[in-house]
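[1] I'd like to go over a predicted model; first the sequence, then the structure.
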Amino acid sequence: MAMPKAPLFFILISFSSLIHPSQSRLSYDYYSKSCPNFNKIIQETVTSKQITSPTTASGSLRLFFHDCLLNGCDASILISSTSFNSAERDADINLSLPGDAFDLVTRAKTSLELSCPNTVSCADILAAATRDLVTMVGGPYYNVLLGRKDYRISKSSYVEGNLPRPTMPMSEIIGMFAAKGFSVQEMVALSGAHTIGFSHCKEFKSFLYNDTHYNQRFAQALQNACADYPKNPTLSVFNDIMTPNKFDNVYFDNLGKGLGLLESDHGLYGNPKTRPFVEIYAKDQNKFFQDFARAMEKLSVYGIKTGRRGEIRRRCDAIN
Ligand code: HEM
C-alpha cells in the first residue's frame, strides 16, 4: 500500500527544524547582521598595525599559511602552550612566526569583542586580516568566505610533515601540497607570497657555499650579510631583494636570475614541473595575481570547521 504523502512531508519539515542554526553555511556577509562593523574593525586594526609595524603583512600571511596547511584554517596556531600541552606554535618551524602577526589578531579580537561579544571567530579574523594586508601592500583583492569556527586542538607534535621546509626536494613539496588537494600551479602561485617578508640566515646559510643556483655575487653578499649569524641569530634577509615590501611578480623574475633566497625558491626554477609556471608569472603579473587570488581563496577554506565542529573562542590564544 502506498504511503500517504503528507506525513513524509511533515517528517522532513520537523527534521530540518532540528538542525541547529549554528550549523549555518559560510557566506561573504556572514556577520552583516550579527556584527555589522566586522569589516570596518578589521580594516582599521590592520591599517594602524601595518603602519606602525610594516612587517605585519608578511608575518600574517605566513601565520595564516601555517595555520591552514596543518588541519585547516581554524586558528589552532594561535593557541599558547600550557604545562599540559605543547601547542602548534611551539613546533620549531613555527618559532620564527613574528609576534606582530599574533598581536594583530589579538587587537582585532579585542575590538570585535567590545562591539559584538562572542560572535566573531579568531579563524575569520586571521583570514580577513590577511586578505586586507595582502591588498594593502599591493597584492590582489580576493573574496573571503566567513563563518569559520575555531578549533581547540593544537599540538606541536602534529606539525612535522605538514609544513614545507626549504631543505625538502621540490618533488616532496609538490607531494605535500598535492596530498592537501593543491595542484603544482596552485603551489607555485602561493609561493609567490615570498615576494614580501624575510628569512632568517639559518634558513639558507648552509646552501650558500655549495649551491650553484645562486648568482655568485648574490651568494657572496648573503655570506657577508649573515657573517655574524652565529652570534646574532635574528639576522635576516629580504625574500625578494629587488622589491622587498611590494607584493608583485618580481620574486619570480629573481628566480631565473639566481636571486632566490631559499633553496626551495631555487627549486621552483630548477624543477621541470614548476618552472613553466615560474616563467609565466615572471612575465605576467596579472596572471600571477589572478592565480594567487584564486589559490588563496581555496587555501582560506581548507579544512575549516563550521557549526558544532568548532567554537567562537573568547581569547584567540587560549581555549577557555
Ligand atoms: C613552497 C614551500 C615553502 C617553503 C619551503 C617555505 C619556507 C619559508 C621559510 C623557511 C621562511 C623564512 C622564515 C623565517 O626565517 O622567519 C618563509 C617565509 C615566508 N613564507 Fe614561506 N615557504 C613556502 C611556501 C609559502 C607559502 C605557500 C606562503 C603563503 C601563502 C608562504 C609565506 C611566507 C611569507 C609571507 C614569509 C615571510 C615571513 C615574514 O616576513 O615574517 N610561504 N617561508
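    That came in fine, so what should we check first?
[2] give me the mean pLDDT for stretch 45-60.
    Here stretch 45-60 scores 98 as its mean pLDDT.
[3] any residue of it up close to the ligand?
    Yes - Stretch 45-60 reaches the ligand (Cβ under 6 Å from any ligand atom) through 55, 58-59. (C-beta placed from N, C-alpha, C; glycine too.)
[4] same question, stretch 175-193
    Yes - against the ligand, stretch 175-193 shows contacts by Cβ under 6 Å from any ligand atom at 190-191, 193.
[5] run through who's touching the host helix or strand of residue 266.
    Counting by DSSP states H and E, the element that carries residue 266 is helix 263-270. Contact with helix 263-270 is made by 164-170, 173, 188, 191, 194, 204, 207, 211, 213-214, 239, 251, 255-256, 258, 260, 274-275, 278, as judged by Cβ atoms under 8 Å, 6 or more residues apart in numbering.
[6] can you do 6 Å?
    166, 170, 207, 213, 255-256, 260, 274-275, 278 (Cβ atoms under 6 Å, 6 or more residues apart in numbering).
[7] could you check how far residue 42 is from residue 127?
    Relative to residue 127, residue 42 is positioned 10 Å away (Cβ to Cβ, to the nearest Å).
[8] which one of these two has more residues nearby?
    residue 127 (27 against 24; other Cβ atoms under 10 Å).
[9] for the stretch 1-150 of the chain, what lies in contact range of the ligand?
    So far as Cβ under 6 Å from any ligand atom goes, the stretch 1-150 of the chain lies against the ligand at 55, 58-59, 61-62, 65, 96, 98.
[10] could I get those as CSV with secondary structure and neighbour count?
    As requested, those are exported to CSV (DSSP: H, G, I helix; E, B strand; the rest coil; neighbours: other Cβ atoms under 10 Å):
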residue, secondary structure, neighbour count
55, coil, 16
58, helix, 26
59, helix, 23
61, helix, 25
62, helix, 20
65, helix, 21
96, coil, 16
98, coil, 18
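[11] how about low-confidence regions in the protein?
    For the chain, residues meeting the criterion pLDDT under 70 lie at 1-24.
[12] what does the longest helix along the chain contact?
    Of all the elements of type helix in the chain, the one with the most residues (DSSP state H) is helix 99-115. Applying Cβ under 6 Å, 6+ apart, the contact partners of helix 99-115 are 37, 41-42, 45, 49, 53, 56, 59-60, 63, 120, 125-126, 129, 316.
[13] residue 310 versus the residue nearest the centre of the chain, what's the distance?
    Taking Cα atoms, centre = their mean, the centroid of the chain lies closest to residue 65, which sits 2.2 Å from it. Separation of residue 65 from residue 310 (Cβ to Cβ): 20 Å.
[14] just the CA trace of stretch 148-165, in CSV.
    Extracted in CSV, the C-alpha atoms of stretch 148-165 (Å, rounded to 0.1, in the frame of the first residue of the first chain):
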residue,chain,number,x,y,z
ARG,A,148,34.7,29.5,10.2
LYS,A,149,34.8,28.3,13.7
ASP,A,150,37.9,28.0,16.0
TYR,A,151,39.3,24.6,16.9
ARG,A,152,40.5,23.6,20.4
ILE,A,153,43.1,21.0,19.4
SER,A,154,46.6,22.4,18.8
LYS,A,155,49.6,20.1,19.2
SER,A,156,53.2,20.7,18.3
SER,A,157,53.6,17.0,17.6
TYR,A,158,51.2,17.2,14.6
VAL,A,159,53.2,19.8,12.8
GLU,A,160,56.1,17.7,11.3
GLY,A,161,55.3,16.5,7.8
ASN,A,162,52.6,19.1,7.3
LEU,A,163,54.6,22.2,6.5
PRO,A,164,57.2,22.5,3.8
ARG,A,165,60.8,23.1,4.7
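[15] buried set for that stretch?
    The neighbour-count check on stretch 148-165 (16 or more other Cβ atoms under 10 Å) flags 148-151, 154-156, 159, 162-164 as buried.
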